[in-house]
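Participant: Model the structure of this input:
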Amino acid sequence: MMKSLAFLVFSLYQAVYIHGYISPSYRSKTTLFVSVSAGDSVSAFASAAASSSASSDLSWDWQKVTDDVFKTDKRPVILFDGVCNLCNGGVNFALDHDKQGAFRFVSLQSKIGKSLLVRSGRAPGDMSSIVLCTHDGKAYFQSDAILRIAQGLDALALKGFGSLGLVTPRILRDGFYELVAENRYRFGETDSCRMDWDGEFDDRFIPDPED
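Facilitator: Predicted structure coming up:
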């Protein structure tokens, strides 16, 4: 149970830490793409109009990129900030507690990450939240994403904690976000992404397509 609590606290810290770097004016621009609260899931139908607008910022065919991501592998994809210590720590935790390989990972800064953001109805440069994308076009943000990830990990305690968290009022989760945001600088930043040197997780990290 202590590990599950640590995971939730760590991941919520991650989401707010990233969120804290986005100015209010920038957030007001990026949140116009989808008229739902940050934690709600967004279906492909709900984000279609938003995607057409956001895609103008990309120089590649984002639809083909996202289609290829799920063409032969239906596992959900976690979008994380590849240049912050907390994000990389959260990815490490998920890898350690996902021996079955239920989730795949891609950085928000990558071509695939930006394409999946557009697919989810967000601006391609929106780094304000962790995102969980599924093959059927749904996307989950912030605490909803974290708790659904917890449900998919190995430990029963994590699964139960994720389920319990999802029935917790979102206003409480958002309050916790703000509490953590006040201490977001304690864990620092990094200028490099996680590297899988030994190839153990080759099928867990999605490489960008070649130009």
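Participant: Show me the helices in the chain, by range?
Facilitator: 2-20, 24-30, 48-54, 62-71, 85-96, 111-119, 142-152, 156-166, 170-181 (DSSP state H).
Participant: Mean pLDDT lowest where, among these?
Facilitator: Note on the helices of the chain: lowest mean pLDDT is at helix 24-30, with a mean of 33.
Participant: Relative to residue 116, how far out is residue 126?
Facilitator: Counting by CB to CB, to the nearest Å, the separation of residue 126 from residue 116 is 11 Å. Where C-beta positions appear, they are placed from N, C-alpha and C, glycine not excepted.
Participant: Check residue 106 too.
Facilitator: Residue 106 is 7 Å from residue 116, by CB to CB.
Participant: Show me the common contact partners of these two, please.
Facilitator: Residues touching both residue 106 and residue 116 by CB atoms under 8 Å, 6 or more residues apart in numbering: 77, 79.
Participant: Got phi/psi on residue 101?
Facilitator: The phi/psi pair for residue 101 (degrees, to the nearest 10) reads phi 70, psi 40.
Participant: Just give me the neighbour total for it.
Facilitator: 11 (other CB atoms under 10 Å).
Participant: quick one: pLDDT of it?
Facilitator: 95.
Participant: residue contacts, it?
Facilitator: Contacts of residue 101 by CB under 8 Å, 6+ apart are 75, 203-204.
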